[in-house]
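Asks: curious how this folds, go ahead:
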Amino acid sequence: LFLARGQHRLAVLIDGDQVGPSCWEPMLEALSEFGQIVDRRCYLQSRLLQGRSCHKRWAPRLDENNITPIVTEPSDSVDDAIIRDLSKLARREGKTKLDGIAVASRDADFIEPLESIGEQGLQVFIVVNTFGLSRGVWR
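Replies: Below is the predicted model of the structure:
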């Protein structure tokens, strides 16, 4: 991609089973150096939002960070929902076309789909939170 740094249109997909609210702000800040984040999604199992304390903790953080919650039922895994959306997002055209997609997760389930998206010419970012407070953005 031949855009100046920071001019890319990015989507961020967060595996809510793996990456909690305390990581979102630093992650979004790090990714914003690579472009404008135009689509922010956090994938959550419905069970995570059932408890009152959980809902109180997650709902405000989703709003504060302009993240759209994608709630899956127990019969549909978060990983499957993310992989489906990766494919759809990579095919966007026209004004909604993306220059890159980031996935935040602690598992390796998304490597193969992201490699495929990278081969289509999109920037690919894998965001991880390792060893407690250390964070990394790999592209």
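Asks: going forward, measure contacts between C-alpha atoms and count neighbours the same way
Replies: Will do.
Asks: can you map out the helices along this protein?
Replies: Ranges of helices in the chain, per DSSP state H, are 21-32, 52-64, 78-90, 111-119.
Asks: what helices or strands is the first one leaning on?
Replies: Put plainly, it is helix 21-32. helix 52-64, strand 134-138 (3 or more Cα pairs under 8 Å, 6 or more residues apart in numbering; DSSP states H and E).
Asks: change it to 7 Å
Replies: With contacts defined as 3 or more Cα pairs under 7 Å, 6 or more residues apart in numbering; DSSP states H and E, there are no secondary structure elements packing on helix 21-32.
Asks: same question for the third one.
Replies: In this structure, helix 78-90 makes packing contacts with strand 35-45, judged by 3+ Cα pairs under 7 Å, 6+ apart.
Asks: quick one: strands adjacent to the strand it packs on?
Replies: Take DSSP bridges as the rule and strand 35-45 pairs in its sheet with strand 8-15 (parallel), strand 68-72 (parallel).
Asks: possible to save the helices of the chain as TSV with mean pLDDT?
Replies: Formatted as TSV, those follow (pLDDT from 0 to 100):
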stretch	mean pLDDT
helix 21-32	91
helix 52-64	77
helix 78-90	94
helix 111-119	92
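Asks: looking at these, which one is packed in the most?
Replies: The highest mean neighbour count among those, using mean count of other Cα atoms under 10 Å, belongs to helix 78-90: a mean of 17.
Asks: chain center to that one, what's the gap?
Replies: On the basis of Cα atoms, centre = their mean, to the nearest Å, helix 78-90 sits 10 Å off its chain's mean C-alpha point.
Asks: contact partners of that helix?
Replies: Helix 78-90 has contacts (Cα atoms under 7 Å, 6 or more residues apart in numbering) with 15, 43-45, 72, 113, 117.
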